[in-house]
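# Sequence and predicted structure are below.
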Amino acid sequence: MKIITQTTQTKDHYSNPVKTFFDRFDLTTVSRQANAARTKGFSFSVVFSFIVQSIFSNGSTYRFYQKQTSHLPFSDKTFRNLLNDSRINWQKLLLLLAKAVSVYFATLTADSRRNVFIIDDSMYARTNAKKVEGATLQYDHAKKKYVKGFRFLQLGWSDGNSFLPVAFSLLSGKNQICETPSTDQRTNSGKRQAQAHRKGTDVAVELVINALKQGIQADYVLFDTWFSSPKMFHQLKELGCYCVAMVKRTKKVHYRFDGQSMDAKEIFQLNKKRRGRSRYLLSVSVEAVVGENSVPLKLVFVRNRNKRNEYLVLASTDTSLTEDEIIQLYGRRWAIEVYFKMCKHYLKLTKYQGLSYDGIFAYTTAVAIAYMILAVQEREASDDRTIGELFYLLIDELSEIPVAEAIRQLVDLFKEVLTDEYVLDELILDNILCKFIAQLPKSLQKQLICFA
């Protein structure tokens, strides 16, 4: 769709979604708190806005810079230096923006709505990674082979309608292809690199802790079998978060059932299954034991739609949830898979050619914020409560006819077409039109009444 030409300064403000987003959620203040304020040269918001806009372009950031050279006051070295700046706390920057957007989304949903954190990981592939700092050989479970790159661990937030990237970490490993230079671990760069070498489950808990400290609210934490364990359930319970997860069907993980230690398969075999076409086969209450502590769990055994002879096992630390609620909540985890797909295939996540770990981490933050901008745009396009003044401001751009006049003409045309239909009398036709108008926004209903 072609962009409508803007004629006034006010409309031009709304024509740039990136600038609108950063002004709306106060990037200047957020950047100061994340140690991204510049003491000299160009401001952080100007350069970073350019980087985020380049993500929506057809080429790389440098190609986008070449096309915009005549309009940009800084050189290509400026945005490279910003991405490689080791002093900036990129995780905090993303957390603060995610908090502001989640608070805004909270105004669009009911208070009874359950908000969730979602944890998952994906491959961050760098095929030619001989000189990429921190890159290692990672096993890609989707492709069933080892790939050069990072393990992209992501924490997201969802209210059931929208997904927001909250925090992430690019995990490295022991057998690095190119080692990162030694850095003081008291600096932001050193903390990122130290985190990259810790265990994935421990880092996932750290990301949840950081999100809660910043005030991002969620009732449940969702994750798949790679993160599910009695220890994980216990750690998140201590943070005050319930869990809904898929658990492993393995003999290595045991639960306390009827006073005995059993794995999920043994529990399934000992209990009677539900008949018919129920959404689940079995539901039992067990305990996840960690040392002397235990966490109550509700296990729900669900049919595997892809393989009829197999089943999946869901677990919830909130035993008050019904089986259908557990299944429904876990279904929200799919939003993070969509996020990975969008970032890799449309937002050029793995197309960045920088070699430094700090630069890759910074660019990944920019991609996450670009997705956040799209989430806000999509939410406002589908939710009538977000239209407000912006709708009336932009609707003036349709210079030919107002929307209300266009709808009135369509209604008149509809009446003329049906006039020759003998089946419908005038009373039935008026009832159909009244039902149609009743489905329109109230603001348009008033304008149509005025035209009538």
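Ah, there it is.
# switch to C-alpha atoms for all contacts and neighbour counts from now on
Noted.
# tell me the SS of residue 108?
Under DSSP: H, G, I helix; E, B strand; the rest coil, residue 108 falls in the coil class.
# Looking at it now. What's its pLDDT?
pLDDT recorded at residue 108 is 85.
# same thing with residue 211?
96.
# does it really touch residue 166, like I thought?
Yes: between residue 211 and residue 166 a contact is recorded at 7.2 Å, counting by Cα atoms under 8 Å.
# Now the common contact residues for those two.
Common neighbours of residue 211 and residue 166, using Cα atoms under 8 Å, 6 or more residues apart in numbering, are residue 95.
# Report the residue spans of the stretch 251-400 of the chain with pLDDT below the cut-off.
Low-confidence segments of the stretch 251-400 of the chain (pLDDT under 70): 383-400.
# What residues of the top helix by length along the chain count as buried?
In the chain, assigned by DSSP state H, the helix with the most residues is helix 357-382. By neighbour count with 16 or more other Cα atoms under 10 Å, helix 357-382 contains the buried residues 357-376, 379-380.
# circling back to that earlier point, neighbour count for residue 211 and residue 166, which is higher?
residue 166 (31 against 25; other Cα atoms under 10 Å).
# Pairing partners for the helix or strand that the more buried one is a member of, with directions?
Element membership for residue 166 (DSSP states H and E) is strand 163-171. According to DSSP bridges, strand 163-171 forms sheet pairs with strand 145-158 (antiparallel).
# relative to helix 357-382, how tilted is the partner strand?
50 degrees (axes from the mean of the first three to the mean of the last three Cα atoms, to 10 degrees).
# hmm, back to that, list the buried ones in the next helix or strand after the strand holding residue 166?
Downstream of strand 163-171, the first helix or strand assigned by DSSP H and E is helix 188-196. Buried residues in helix 188-196, counted by 16+ other Cα under 10 Å: 188-190, 192-196.
# try stretch 295-305
Going by neighbour count (16+ other Cα under 10 Å), the buried part of stretch 295-305 is 295-303.
# mind checking how far it is from the chain centre?
Relative to its parent chain, stretch 295-305 has a centroid offset of 25 Å by Cα atoms, centre = their mean, to the nearest Å.
# Output that stretch as PDB, nothing but the C-alphas.
Written as PDB, here are the backbone C-alpha positions of stretch 295-305 (Å, rounded to 0.1, in the frame of the first residue of the first chain):
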ATOM      1  CA  VAL A 295       5.900 -28.100  45.000                       C
ATOM      2  CA  PRO A 296       2.300 -29.300  44.300                       C
ATOM      3  CA  LEU A 297       1.600 -30.000  40.600                       C
ATOM      4  CA  LYS A 298      -1.300 -30.900  38.500                       C
ATOM      5  CA  LEU A 299      -0.400 -33.200  35.600                       C
ATOM      6  CA  VAL A 300      -2.600 -33.200  32.600                       C
ATOM      7  CA  PHE A 301      -2.100 -35.900  30.000                       C
ATOM      8  CA  VAL A 302      -3.300 -34.700  26.600                       C
ATOM      9  CA  ARG A 303      -3.700 -36.600  23.300                       C
ATOM     10  CA  ASN A 304      -1.100 -35.900  20.700                       C
ATOM     11  CA  ARG A 305      -3.000 -34.900  17.600                       C
END
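# gap between the one helix or strand residue 339 maps to and the chain center?
In this assignment (DSSP H and E), residue 339 forms part of helix 334-345. Here helix 334-345 is found 8 Å from its chain centre; the criterion is Cα atoms, centre = their mean.
# I'd like to check what contacts it. Which residues are they?
Residues from elsewhere that reach helix 334-345 (Cα under 8 Å, 6+ apart): 118-120, 122, 156, 158, 163, 349-350, 367-368, 371.
# Check stretch 108-121 too.
By Cα under 8 Å, 6+ apart, stretch 108-121 touches 151-160, 204, 208, 217-224, 333, 336, 385.
# Of the residues you listed, select the buried ones using a PyMOL command.
The PyMOL selection below is limited to those of the contacts of stretch 108-121 classed as buried (16+ other Cα under 10 Å):
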select buried, resi 151+152+153+154+155+156+157+158+159+160+204+208+217+218+220+221+222+223+224+333+336
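# How about the contacts made by residue 64?
54, 57-58.
# which residues touch the closest residue to residue 164 other than its chain neighbours?
Excluding the flanking residues, the one nearest residue 164 by Cα to Cα, 6 or more residues apart in numbering is residue 157, at 5.1 Å. Neighbouring residues of residue 157 by Cα under 8 Å, 6+ apart: 115-118, 163-166, 218.
# Next: residue 373.
17-18, 21.
# Could you export those residues as TSV, including pLDDT and distance to residue 273?
Listed next are the contacts of residue 373 as TSV, based on pLDDT from 0 to 100; distance: Cα to Cα, whole Å:
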residue	pLDDT	distance to residue 273
17	85	53
18	89	53
21	92	52
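# If you rank these by neighbours, which is first?
In terms of neighbours by other Cα under 10 Å, the contacts of residue 373 top out with residue 21 at 22 neighbours.
# burial of residue 354, as a residue count?
Residues lying near residue 354 (other Cα under 10 Å) number 17.
# Does it lie in a helix or a strand, and which?
Per DSSP H and E, there is no helix or strand for residue 354.
# Would you confirm that it contacts residue 361?
No: if you go by Cα under 8 Å, residue 354 and residue 361 don't touch, sitting 10.0 Å apart.
# related to what we said a few turns ago, in the helix holding residue 339, what counts as buried?
By neighbour count on 16+ other Cα under 10 Å, the buried set for helix 334-345 is 335-336, 339-340, 343-344.
# for stretch 129-141, same thing?
Here stretch 129-141 shows 129-130, 132-140 as buried, counting by 16+ other Cα under 10 Å.
# Throw these into TSV and include secondary structure and pLDDT, thanks.
Shown next, in TSV, are the buried residues of stretch 129-141 (DSSP: H, G, I helix; E, B strand; the rest coil; pLDDT from 0 to 100):
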residue	secondary structure	pLDDT
129	coil	74
130	coil	79
132	coil	83
133	coil	85
134	coil	82
135	coil	84
136	strand	85
137	strand	84
138	strand	83
139	strand	81
140	strand	80
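# Closest to residue 70 out of those?
For the buried residues of stretch 129-141, the residue nearest residue 70 by Cα to Cα is residue 132; the value is 31.9 Å.
# Now do the contacts for that closest one.
177-178, 354-357.
# which two in those residues are spaced the farthest apart?
Maximum distance among the contacts of residue 132 (Cα to Cα): 15.3 Å, for 177 and 354.
# returning to that earlier point: what angle separates the longest helix of the chain from helix 188-196?
80 degrees.
# pretty sure residue 433 belongs to a strand, no?
No: under three-state DSSP, residue 433 sits outside any strand and is assigned helix.
# so how many other residues sit close to it?
Residue 433: 14 neighbours (other Cα under 10 Å).
# need the contact list for the nearest residue to residue 127 once chain neighbours are set aside.
Of all residues beyond its chain neighbours, the one nearest residue 127 is residue 148 (5.7 Å), with distances taken as Cα to Cα, 6+ apart. Going by Cα under 8 Å, 6+ apart, residue 148 touches 125-129, 135-138.
# Thanks a lot, catch you later.
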